[in-house]
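Asks: One predicted model, sequence on top.
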Amino acid sequence: MTKSTISKSGAPKAAKPKPMASPKPKSKTRQVQLKSLLSRKSGATVHIIKTAFAWKPHSVRAAVSGLRKAGENIERIQTSSGTAYRIVSVEAAK
């Protein structure tokens, strides 16, 4: 147990905060990683995204939908290996 000091008014003094250590560099967020997968020329299938993040298919679709709502131009493609998504630049979409 630590010893607390008492001020003249009788209230305990607040302990001085210890200096913070330098923050660790942030790793890539899942959203950044997802954008990276979808930015590839061929895009990414639901299976690839599902495996990369250990998500279920409905979570993959929800994440892609969230990116769309955030303003990304995402194209949906039907391939022989299933549905694929890819981010399309505005110039390429025209």
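Replies: Alright, I've got the coordinates.

Asks: can we go C-alpha only for contacts and neighbour counts from here?
Replies: Will do.

Asks: tell me the strands in the chain, going along the chain?
Replies: 44-45, 74-79, 82-87 (DSSP state E).

Asks: Mean neighbour count added to the ones you listed, as JSON lines?
Replies: Shown next, in JSON lines, are the strands of the chain (neighbours: other CA atoms under 10 Å):
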{"stretch": "strand 44-45", "mean neighbour count": "23"}
{"stretch": "strand 74-79", "mean neighbour count": "14"}
{"stretch": "strand 82-87", "mean neighbour count": "19"}
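
Asks: how about these, which one is nearest residue 34?
Replies: Residue 34 lies closest, by CA to CA, to one member of the strands of the chain: strand 44-45, at 9.1 Å.

Asks: Name the surrounding residues that touch the closest one.
Replies: Applying CA atoms under 8 Å, 6 or more residues apart in numbering, the contact partners of strand 44-45 are 37, 38, 81, 82, 83, 84, 85, 86.

Asks: Just give the nearest non-adjacent residue to residue 61, would you?
Replies: The shortest distance from residue 61 to any non-neighbouring residue, by CA to CA, 6 or more residues apart in numbering, is to residue 46 (7.9 Å).

Asks: And residue 68, by the same measure?
Replies: Nearest non-adjacent residue to residue 68 (CA to CA, 6+ apart): residue 74, at 6.4 Å.

Asks: what's the pLDDT at residue 16?
Replies: Looking at residue 16, its pLDDT reads 71.

Asks: picking that back up, for residue 17, which of the strands of the chain is the nearest?
Replies: Going by CA to CA, the one of the strands of the chain nearest residue 17 is strand 82-87, 45.9 Å.

Asks: Show residues contacting the closest one.
Replies: Strand 82-87 is contacted from outside by 35, 38-47, 72-78, using CA under 8 Å, 6+ apart.

Asks: Show me what that strand pairs with in its sheet, parallel or antiparallel.
Replies: Sheet pairing here is set by DSSP bridges, and for strand 82-87 it gives strand 44-45 (antiparallel), strand 74-79 (antiparallel).

Asks: Same list (the strands of the chain) but as TSV, adding mean pLDDT.
Replies: Shown next, in TSV, are those (pLDDT from 0 to 100):
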stretch	mean pLDDT
strand 44-45	96
strand 74-79	94
strand 82-87	95
